[in-house]
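Colleague: I need the structure of the sequence given here:
(chains A, B, C, D, E and F)
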Amino acid sequence: MNRPEKLIEGDIRLDGRRPDELRPIKIKVGALNRADGSCYLELGGNKVMAAVYGPREVHPRHMAKSTSAVVRYRYSMASFSVEERKRPGPDRRSIEVSKVSREALEPVIFEEYFPRSAIDIFVEVLQADAGTRTAGINAASIALADAGIPMKSLVSSCAVGKVDDTLVLDLNKDEDNYGQADMPVAMTPDGNITLLQMDGHLTRDEFREALEMAKGACTTIYELQRAALVEKYSSQMEGGDVIE
Amino acid sequence: MNRPEKLIEGDIRLDGRRPDELRPIKIKVGALNRADGSCYLELGGNKVMAAVYGPREVHPRHMAKSTSAVVRYRYSMASFSVEERKRPGPDRRSIEVSKVSREALEPVIFEEYFPRSAIDIFVEVLQADAGTRTAGINAASIALADAGIPMKSLVSSCAVGKVDDTLVLDLNKDEDNYGQADMPVAMTPDGNITLLQMDGHLTRDEFREALEMAKGACTTIYELQRAALVEKYSSQMEGGDVIE
Amino acid sequence: MNRPEKLIEGDIRLDGRRPDELRPIKIKVGALNRADGSCYLELGGNKVMAAVYGPREVHPRHMAKSTSAVVRYRYSMASFSVEERKRPGPDRRSIEVSKVSREALEPVIFEEYFPRSAIDIFVEVLQADAGTRTAGINAASIALADAGIPMKSLVSSCAVGKVDDTLVLDLNKDEDNYGQADMPVAMTPDGNITLLQMDGHLTRDEFREALEMAKGACTTIYELQRAALVEKYSSQMEGGDVIE
Amino acid sequence: MSLSDEVMTELRKDYIYNLMVKGEREDGRAFDQYREITIDTNVIERAEGSARVQLGDTLLVVGVKIQPGAPFPDTPDQGVIITNLELIPLASPVFEAGPPREDAIELARVVDRGVRESGAIDLSKLCITPGEKVWMVFIDVHVLDDGGNIMDAAALGAIASLLTAKVPAKRFNIGEEDMDVPMRDVPVSITAVDIGGTIMLDPSLDEESIAGTKLTVTSNQEGAISAMQKSGVHPLTTEQISYIVDIAIDKAKEIREKFLVI
Amino acid sequence: MSLSDEVMTELRKDYIYNLMVKGEREDGRAFDQYREITIDTNVIERAEGSARVQLGDTLLVVGVKIQPGAPFPDTPDQGVIITNLELIPLASPVFEAGPPREDAIELARVVDRGVRESGAIDLSKLCITPGEKVWMVFIDVHVLDDGGNIMDAAALGAIASLLTAKVPAKRFNIGEEDMDVPMRDVPVSITAVDIGGTIMLDPSLDEESIAGTKLTVTSNQEGAISAMQKSGVHPLTTEQISYIVDIAIDKAKEIREKFLVI
Amino acid sequence: MSLSDEVMTELRKDYIYNLMVKGEREDGRAFDQYREITIDTNVIERAEGSARVQLGDTLLVVGVKIQPGAPFPDTPDQGVIITNLELIPLASPVFEAGPPREDAIELARVVDRGVRESGAIDLSKLCITPGEKVWMVFIDVHVLDDGGNIMDAAALGAIASLLTAKVPAKRFNIGEEDMDVPMRDVPVSITAVDIGGTIMLDPSLDEESIAGTKLTVTSNQEGAISAMQKSGVHPLTTEQISYIVDIAIDKAKEIREKFLVI
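Modeller: Residues are numbered from 1 along each chain as shown, chains lettered A, B, ... in the order given. Predicted coordinates for the structure are as follows:
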């Protein structure tokens, strides 16, 4: 696809959203049997599955820490999740995304409760449409709760970007490709920033405004995460299918 | 070479064999000095060397089993063993062949006699002409005996295939390339099947007939294996050269 | 560049040197802060950095020796050190150079003083102009001394080659590319040969003469190495910059 | 595995074994009965074909990607099939990260042979320019939840994906219109295990873990065998194999007609 | 690390923390002050561009190699930037041999984004034949001595190398004369750490080791932000981030003018 | 290695050392005497050239494969030699599976240099289309039984294979007829060890294991040296090296004439 002439027209984006509008989010808590906790999440065209195992023994042993759990995070894209088939296995991008995503979640985990243990978080991107790392963090946060890992709070994540000189929430693929800036953020409900990355072009003022927009969006997402967990654990509903 | 018009003509195959005829087999027991047991075997144009080390210490240690030996099998093709030079190192095919070959032999090994030990079987294909896995299993079985590993029996292996709608024993390269089915089988002298793979096209009835042919051939091969071992251990002859 | 018509003309080489003349050598002892010992060395157009860590714990543990230190040597070329960008990571050449360089230094190290320990030597080639392994050994030898590793003596290294049927010391890049032989040598001050490699074409007599030339050159280099160490440890001068 | 885990596993094995002796299975199925199967296709928009397969507790997604590439030198006028399967650590506590191990490689290769050897795809129709450019069909199996018998679920997902996949000719400027993958057969894999001499189809995770041997039989529309694979260290008798082949062909027909009608 | 090493480390951390409480740093700098910077360019003859950067105790060499290659399919008329950074064991007792780990990969990618996202290089001018051949710019960062804040030193070295690099058109018979790399901006990265609530720029090795979090802000000539990266497990408040962004943009201007005047 | 193994090894070393002092070797050879050599060529039909070499207890097979490929950029009109040697675990209890380690790489590179630097192959005659296509000669050494001195056996096998190898021009449609590999020299490698000051040629496995250093000297038909490699941690004196070079050249002549007459 070539660059559309305009990405935003009269305050309406190509996919019909307003600048400060998130894409639809769908959450299924406990989507898997084998994992200790899991969550399937759709964010617009993104489809991600998160699973948590642990606390459990650490392999290889020498990675264990004597005073806290070691938290590991493996973000991975299915080879069919993108237009051009991706070779299986980790690449440099997924290694970086795994690192910052782990650091986005570690602050809320009571790691010191589980010395010599591992808490393993796996996020598989089944379909990608810009925003996979934020979708992954949102899902992983829920999966941690589903696994019963003691946490100070959930973590919520969302990107803010700039397209056609306008700040917009939660970029989709076209906006990401042809936009001017992308800034993924993750935070706790009390406003502590646990992930912050940016690339593109933002003035100081734009940056401050973008950060405020991210805060608002993360609050919205937090409510959805909480509601999904409450629903699961209050009604023990038999949920719909995953990857519909 | 292009596909020959006929692979079998008046009950005679391109290499002059009848449908139920094996290729010539040559066996040299104890072909190597360093290995605890070894066997060089030729099956038609296949030339394979099998060596056995063990029971010995397991490296890496964490692979050891507390109640039995761990049996390992490494099937490998020399880069010059085939028409187009093969890159050195294991590929997906050789990993699968190693797995099924190991499983073909494990049932006859008294693994429980050697807890915390390794029995390592190495098979090198020096020249390939279809049937390398069966040749390898036949050689490895003898090498195990030569190494003095306690075994319930030998294992014998042979492929059955279908060419020009006729079931034939022990496919050669052309028959493998242009045939309709290939089914490698391994079994113990009392008829227990320890390896069974198939690809191509066989009706139920063809399959049953093929399995019977394989049984007969394995019996023949078993006699050759036994004779080679008896000869070695009765006469301690000074054998001819390997890879003549 | 194409082969020059003559590499040596009237006893003068293309770069103005006489056959038995070394390229200029520049040595900075203790060029790094983190390493236990270090040395930056320029030999003509070669720029190498050597660092030594140890004696220290061995990782992985199973590599440790119970009666002596394990000495490791990692020779590596920066990707920008050569005309055509080199892919990062070890290749077969650098693995061989690392092995023979380690063996060139081990004879002078009192390894038995440090059982269960590691002495790690790292040599990075920042700019290459033929002779990187000899430059690396000369620098590493100084870095070992700078790290306070007990040694019987220093080791000095130099190559002798043949160009236009003349034996010459310390080949530069063009002489290496278009010459007839290259023979790197390393030795102790008392004349024990600790590294010897050769490729090309040398008669027996040429070889003997070449070895004598190498001996003389190594003596010269030894004096420079010693002087650099004396200067560092007598005056504790604040040295010039590295990689000027 | 902690000691109590090991004890649990042993107890579980005894339980399954004792049930079997009584002619029963832990989930109440008959020995030749499959668990519930759900197949949804076209679940991944980015893939040319895809299927989500739930087989009892086992969940996996298969994605088919199709793009132009060079043919193999020995088949210059045929498309290429490449099958991958990874046992990623998300799907089971016993799977590890890293390059595929022998179990995953074996599964991928048996899925691949099932598709290839049955002639399910007419590869000659996937040639673009002989000797130069052909369509490459990548079948990627992504296991999400290992509840046992990944083999049959993966084979089902592969064939279901292929049946609904489109060759993206337009996107690569190779044709006016996208075409279906040229399918000419619908192979189905049936896996049996031997537990204490009793043959059971479609093993659950627990059954799989105590079975010494699996036998997978892939058969085609006309009821002929396309591929077989014995996996595991226990031998099988000729009679057992014959019996499995017979019920596998029948069961394949049943599943094909129920789930894979084109 | 031996026990005495660990004790030393703890003592060192306490020392730095206590200094901070008194408004001081171990080397006497102000909280927003950088260590001494020395940049020498063209230090590697074999490279098309190079720089040796000393930032306090940190020493590294950046080499830029430029050679023709194929463009990425989605940007057929643009040159390619590839940035590598290795934390080789020569540079620190804690670095290990082997393929780059996540720390090295993150550093390389942040250096890369700083160059790329600021539009510092006009990639369209590095196209040779659209869709076929473009100039590939390899930026290789070789860390020799880790004295803390490799990030900023690497970014400085990358941009200093590029500013003095030549595209070797003659050597590859692609033009009559070598040309400068088409630069149109001079991004500078500034890294801050949070130690017990206090923000410090340009952390030394000890400061870096006790800081829970780093924030790198790369800004361009006009004072806009091109790239940011938070690294580490401690959260930051909105106020801290805002504060860092402000001083980072100012400090970048100062360093740019002092060291990177074209 | 178990304790008793270690004790055995020590005893064995003492035994060899004590023999040496008396001027003897364990197998009764003179210090400059080689073990029995058997070379059979054309033992692998699929290879363009091959040789089976038995040198005492050491057994290896060398296969030469020849196929068209791209030349190196700096030698556009020359064929390519690529030499591989693997120390596979079949051949010795101390060899491990996995990518070649430094010992195997060193052996392969010394075999390679022996062939290459002697000018044994006229590489200019292996050019097909300058700058585009040349013949690539792959020399693969497959060690089957390590009885000591793999080096010399491998070099013998390489040259014996090359002397009988055919360039498969017909198979690749590059010529009317297959041609011999254009050989113009017959280099032979001779390896010596220093055991307690005594020089011995062609070390057996036990001799090799107690020797601190090996020196390999490869010489050509006219008696000039093509390649040398000292391997191992013990130094050698100038006199020792001179002595080895002399006997190596003589011994190479003897072996060449006996086994490698074209």
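Colleague: element containing the residue of the stretch 1-150 of chain D found nearest chain A, please.
Modeller: Using Cβ to the nearest Cβ, the closest approach of the stretch 1-150 of chain D to chain A is made by residue D:63 at 2.7 Å. Where C-beta positions appear, they are placed from N, C-alpha and C, glycine not excepted. Residue D:63 is part of strand D:58-69, with elements assigned from DSSP states H and E.
Colleague: Leaving out the residues flanking it, which one is nearest to residue D:180?
Modeller: Spatial nearest neighbour of residue D:180, excluding adjacent residues (Cβ to Cβ, 6 or more residues apart in numbering or on different chains): residue D:166 at 6.5 Å.
Colleague: so that neighbour makes contact with residue D:48?
Modeller: Yes - contact criterion Cβ atoms under 8 Å: residue D:166 and residue D:48 qualify, at 5.5 Å.
Colleague: Identify the contacts common to those two.
Modeller: Counting by Cβ atoms under 8 Å, 6 or more residues apart in numbering or on different chains, the common neighbours of residue D:166 and residue D:48 are residue D:66.
Colleague: do stretch A:188-207 and chain E meet at all?
Modeller: Yes - residues of stretch A:188-207 contacting chain E under Cβ under 8 Å from any Cβ of the partner chain: A:188, A:191-204, A:207.
Colleague: What subset of these is buried?
Modeller: Buried by 16 or more other Cβ atoms under 10 Å in any protein chain shown: A:188, A:192-202, A:207, out of those.
Colleague: And for residue 14, the neighbour number?
Modeller: No chain was given, so I picked chain A. 15 (other Cβ atoms under 10 Å in any protein chain shown).
Colleague: wait, I meant chain D there
Modeller: 11.
Colleague: coming back round to it: which ones are touching the residue of the stretch 1-150 of chain D closest to chain A?
Modeller: Per Cβ under 8 Å, 6+ apart, neighbours of residue D:63: A:78-81, D:44, D:46-47, D:49-50, D:140, D:142, D:161.
Colleague: For chain D, what lies in contact range of chain A?
Modeller: Within chain D, the residues that sit near chain A (Cβ under 8 Å from any Cβ) are D:2, D:38, D:40, D:43-47, D:50, D:52, D:54, D:57, D:59, D:61, D:63-65, D:67, D:84, D:86, D:88-93, D:96-97, D:99, D:138, D:140, D:142, D:144-147.
Colleague: circling back: quick check: which of the residues of stretch A:188-207 next to chain E are also close to chain F?
Modeller: Of the residues of stretch A:188-207 next to chain E, not one also sits near chain F (Cβ under 8 Å from any Cβ).
Colleague: Okay, residue A:149 and residue A:218: tell me how far apart.
Modeller: Relative to residue A:218, residue A:149 is positioned 20 Å away (criterion: Cβ to Cβ, to the nearest Å).
Colleague: and the residue nearest to residue D:180, backbone torsions?
Modeller: Main-chain torsions, residue D:166, degrees, to the nearest 10: phi -120, psi 140.
Colleague: Give the burial count for the residue of chain A found nearest chain C, as a bare number.
Modeller: Closest contact between chain A and chain C, by Cβ to the nearest Cβ, is at residue A:62 (8.6 Å). Other residues within reach of residue A:62, judged by other Cβ under 10 Å, total 9.
Colleague: Can you tell me the SS state at it?
Modeller: Following DSSP: H, G, I helix; E, B strand; the rest coil, we place residue A:62 in the helix state.
Colleague: which residues of chain A score low on pLDDT?
Modeller: A:1-2, A:235-244 (pLDDT under 70).
Colleague: Kindly recompute the last result at 90.
Modeller: Residue ranges of chain A with pLDDT under 90: A:1-6, A:10, A:59-63, A:89, A:233-244.
Colleague: ditto for the stretch 101-250 of chain D
Modeller: D:175-176, D:196-197, D:209-212.
Colleague: Spell out, range by range, the helices that occur in it.
Modeller: Remark: helices assigned in the stretch 101-250 of chain D by DSSP state H, counting those that start in this stretch are D:102-117, D:150-164, D:205-210, D:238-259.
Colleague: Next to chain E in this structure, residues from chain A, please.
Modeller: So far as Cβ under 8 Å from any Cβ goes, chain A lies against chain E at A:84, A:92-93, A:95-96, A:98-100, A:103, A:106-107, A:183, A:187-188, A:191-204, A:207-208, A:211, A:215.
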